[in-house]
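Enquirer: From the sequence below, what's the structure:
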Amino acid sequence: MVQTMQKPPALAGANAASMRLQKWHALAATFLGESFDAMDATIYFIAMFPALSELLKTKDATTIGYHGALILATFMVGWALGSVLFGMVADRFGRVKTMMWTILLYAAATGLCAFVHSWWELALCRFFVGLGIGGEISIGCVLLGESWSKSRHSRLWAMSVMQTSFGLGCMLTGLFNLGSGEFGWRYLFLVGILPALVTFYIRSRLKEPQTVERMLEKRRTGTLPQAGVNPIKLAFSGENRVNTLVATAMAASAIVGYWAGISWIPAWINQLTGAVAVEERSAAMLYLSVGGILGCFIVPDMVRRLGYRKSFVLSFLGCLLSTLGLFLTVNHYSSVINYWTFLIGFIIGIPFTLLTAYICDCFATHVLGTASGIAWGAGRIFAAVMALCTGPIIAFFHGSYGMAAACVELVYIVGMGAAFFVKDLQLEDLSVLSETAVLVSERSR
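Expert: Sure, this is the predicted structure:
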């Protein structure tokens, strides 16, 4: 009879303590990473109107809207490519190193935006910002899910906490904008270099999750199932196909609704006030951010009570009603806008939080990074296309950013439709899909 070797109790206890510590390091790293993602991403929307007014030497709303939409589309294409490219890199070389590379990339590119002299130079810099942010967000969600995989309930809470970081990043943007004063929009982009500091923390504290270490070891030894198969092909084969398509449709709906719709709120406030409106725009972003932070914490209870499917449907419905309520009922600037943005912020973060958890439950480790990248990346492609369409829509409504944004928000109907194809897991069943995927991969060897 073969006897298994057992680790000494002291060593086993030390390993367990180290694993618990690594969970918290993963949460801290992904929290900081996404906070600065949000800051560097939303700086553009705060700076867009004054920046393009200077670069284009005009204050015409239609002209600025057209070029602003082109830059937004370029940013989204970079985001999409970064999600897929770095997702594949993370599956091959690990999550931690790849995440460090992405943060350095978008921090440097954001800083370069401060030195541009034309709108196309700004677009080029924003492309590389998107490339890095797309990779970091996709990898960060995967890394956190794998680091907290031992406890299904705790993982949902960890992901909810991590998702609040986006609201914090938007708040940072608003606060930096308030402090920009005479320094103007170029100062805001220089602040975007700060995320590079996070990489020092990641390098000194963070390690790969055990599942990823085992996967990388199997790659090195040539024993990983389907290692030679194109990872994109894996994401669209077998049981993965439906999961990938459904996740992609919902991600596209959530992303387009935010980046091609809600993100026009600062520029819309400029129109309503007829001024630079630094304080007004900052206030709206802060209310949006606070709402987003609070909304994330209802996700674990939603999933426990309703399951994934109903949670997705209700969240997309809420996004649709709240955004249409803002853009279709407000015709002049007042403090009412801040109440609306708080409500919208509370709701719009819920689909993103749900998706981060659901995607991690649908795929095996060796394809998870790629599948996550595809879902989020394809969503950004749709957002880029919609951003290009926003310019003509703005022109159709005679330069009205609010009416154009209201048309874009109808995309939430797509998310509601896709949600009906979600596998309706309850909280106690959250790991069923991922465990099944691992078994299928092992048996296919």
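Enquirer: For Thr221, the count of nearby residues, please.
Expert: 9 (other C-beta atoms under 10 Å). Just so you know, the C-beta spots here come from the backbone N, C-alpha and C atoms, and that holds for glycine as well.
Enquirer: From the centroid of this structure, which residue is nearest?
Expert: Most central in the chain under C-alpha atoms, centre = their mean is Ile137, positioned 5.2 Å from the mean C-alpha point.
Enquirer: For the helix or strand hosting it, which residues meet the burial criterion?
Expert: Using DSSP states H and E, Ile137 maps to helix 119-147. Buried residues in helix 119-147, counted by 16 or more other C-beta atoms under 10 Å: 119, 122-147.
Enquirer: again, but for stretch 402-412
Expert: By neighbour count with 16+ other C-beta under 10 Å, stretch 402-412 contains the buried residues Gly402, Met403, Ala404, Ala405, Ala406, Cys407, Val408, Glu409, Val411, Tyr412.
Enquirer: That stretch - what's its average pLDDT?
Expert: Averaging pLDDT along stretch 402-412 yields 93.
Enquirer: So what's the gap between that stretch and the chain middle?
Expert: 20 Å (C-alpha atoms, centre = their mean, to the nearest Å).
Enquirer: Residues contacting it, please?
Expert: 65, 252-253, 256-257, 260-262, 264-265, 268, 271-272, 316-317, 319-320, 323-324, 327-328, 330, 386, 390, 393-394, 396-397 (C-beta atoms under 8 Å, 6 or more residues apart in numbering).
Enquirer: hmm, try it at 6 Å
Expert: 253, 256-257, 260-261, 264, 268, 316, 319-320, 323-324, 327-328, 386, 390, 393-394, 397 (C-beta atoms under 6 Å, 6 or more residues apart in numbering).
Enquirer: One more: stretch 382-392?
Expert: Under C-beta under 6 Å, 6+ apart, the answer for stretch 382-392 is 65-66, 69, 72-73, 76-77, 252, 255-256, 259-260, 404, 408.
Enquirer: Next, give me the two most distant ones among these.
Expert: Spatial extent of the contacts of stretch 382-392 (C-beta to C-beta) is set by the pair Tyr66 and Ala252 at 23.2 Å.
Enquirer: Comparing these two, which residue is more hemmed in?
Expert: Ala252 (24 against 18).
Enquirer: State the distance from that one to Ala384.
Expert: Ala252 sits 11 Å away from Ala384, going by C-beta to C-beta, to the nearest Å.
Enquirer: Next: Leu321.
Expert: From Leu321 to Ala384 the distance is 26 Å (C-beta to C-beta).
Enquirer: Of those two, which one has the most company?
Expert: Taking other C-beta under 10 Å, Leu321 and Ala384 do not tie; Ala384 has more neighbours (26 against 14).
Enquirer: can you state the direction angle for the helix or strand where the more buried one lies and helix 119-147?
Expert: Using DSSP H and E, Ala384 maps to helix 365-396. Put simply, helix 365-396 runs at 140 degrees to helix 119-147, going by axes from the mean of the first three to the mean of the last three C-alpha atoms, to 10 degrees.
Enquirer: Spatially, what comes nearest to Ile64 if we skip its sequence neighbours?
Expert: Leaving aside its sequence neighbours, Ile64 sits nearest to Leu52 (C-beta to C-beta, 6 or more residues apart in numbering; 4.7 Å).
Enquirer: Packing partners of the host helix or strand of the one you found?
Expert: Element membership for Leu52 (DSSP H and E) is helix 9-56. In terms of contacts (3 or more C-beta pairs under 6 Å, 6 or more residues apart in numbering; DSSP states H and E), helix 9-56 is packed against helix 61-93, helix 95-112, helix 119-147, helix 152-178, helix 185-191, helix 198-205, helix 265-273.
Enquirer: Centre of the chain to the third one, how far?
Expert: The reference is to helix 119-147. Counting by C-alpha atoms, centre = their mean, helix 119-147 comes out at 9 Å from the chain centroid.
Enquirer: pLDDT of that helix, averaged?
Expert: Here the average pLDDT along helix 119-147 is 91.
Enquirer: Likewise for the fourth one?
Expert: On average, the pLDDT along helix 152-178 is 82.
Enquirer: so how far is that helix from its chain's centroid?
Expert: For helix 152-178, the separation from the chain centroid amounts to 11 Å (computed by C-alpha atoms, centre = their mean).
Enquirer: go on, the shortest one?
Expert: In terms of C-alpha atoms, centre = their mean, the centre of helix 185-191 is set 22 Å apart from its chain centre.
Enquirer: Around Ala235, how many other residues sit close by?
Expert: Ala235 - counted by other C-beta under 10 Å - has 28 other residues nearby.
Enquirer: any idea how far Arg220 is from it?
Expert: Counting by C-beta to C-beta, the gap from Ala235 to Arg220 is 23 Å.
Enquirer: Could you give me the PyMOL selection string for whichever of the contacts of stretch 402-412 are buried?
Expert: Buried members of these, defined by 16+ other C-beta under 10 Å, are picked up in PyMOL with:
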select buried, resi 253+256+257+260+261+264+268+316+319+320+323+324+327+386+390+393+394+397
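Enquirer: Look up the closest residue to Leu286, ignoring the ones flanking it.
Expert: Nearest to Leu286 is Gly174, by C-beta to C-beta, 6+ apart, at 4.6 Å.
Enquirer: Could you do Ala254 as well?
Expert: Distances taken as C-beta to C-beta, 6+ apart place Pro351 nearest to Ala254, at 4.3 Å, with adjacent residues excluded.
Enquirer: Need the pLDDT of the one you found.
Expert: Looking at Pro351, the pLDDT reads 95.
Enquirer: Neighbours of it, how many?
Expert: 28.
Enquirer: Secondary structure element for it, which one?
Expert: Using DSSP H and E, the element containing Pro351 is helix 336-360.
Enquirer: That helix vs helix 365-396, what angle?
Expert: Using the same axes, to 10 degrees: helix 336-360 against helix 365-396 is 150 degrees.
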